[in-house]
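Enquirer: When you get a sec, could you give me coordinates for this:
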Amino acid sequence: NYGIGGYIAPHLDAFDLDYSKDPLKLMLGGERLMTFMVYLSSVAEGGGGNTVFPLLGLSVPPTKGTALFWNTIGSDGRMDERMMHLGCPVVAGNKWIVNKWVKWHEHMDNYPCYPDRRHYRVQG
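Expert: Numbering: from 1, shown residues only. Okay, the predicted model is just below:
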């Protein structure tokens, strides 16, 4: 949630990961391949909150029910720096989003869920 003044600085959703230095990163799914971002609310026209990809010349206003999807990794397996993006400050209202990152490796079994904890995994 981004309230009045809420923003996110320019960033990439991908990272240069060296699994030999941090094998836990690989166990937790490795690199983010793709980002899927859904707008859960709209911001009134002129209220800010656009998602901007400066290197692509793209600015997307937050509109409830719409989504953005982008690859974070190029075909060479390296970060696609063109996907640098930011969230402009919200100047009126609230901006709500949800992100889903698709990772390089499966990792569901590396997050065990136990009956005595808050989250569960369905056994099948």
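Enquirer: so who does residue 93 touch?
Expert: 4, 41, 43, 44, 47, 49 (C-beta atoms under 8 Å, 6 or more residues apart in numbering). Every residue, glycine included, has its C-beta placed from N, CA and C.
Enquirer: May I have the beta-bridge partners of residue 48?
Expert: Taking DSSP bridges as the rule, residue 48 bridges to residue 90.
Enquirer: Verify the stated contact: it with residue 89.
Expert: Yes - at 5.3 Å, residue 48 counts as touching residue 89 under the criterion of C-beta atoms under 8 Å.
Enquirer: Tabulate the contacts of residue 93 in a markdown table, adding columns for neighbour count.
Expert: Converted to a markdown table, the contacts of residue 93 look like this (neighbours: other C-beta atoms under 10 Å):
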| residue | neighbour count |
| --- | --- |
| 4 | 12 |
| 41 | 16 |
| 43 | 23 |
| 44 | 12 |
| 47 | 19 |
| 49 | 26 |
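Enquirer: Can you give me the buried ones in stretch 92-101?
Expert: Within stretch 92-101, the residues that count as buried by 16 or more other C-beta atoms under 10 Å are 93, 94, 95, 96, 97.
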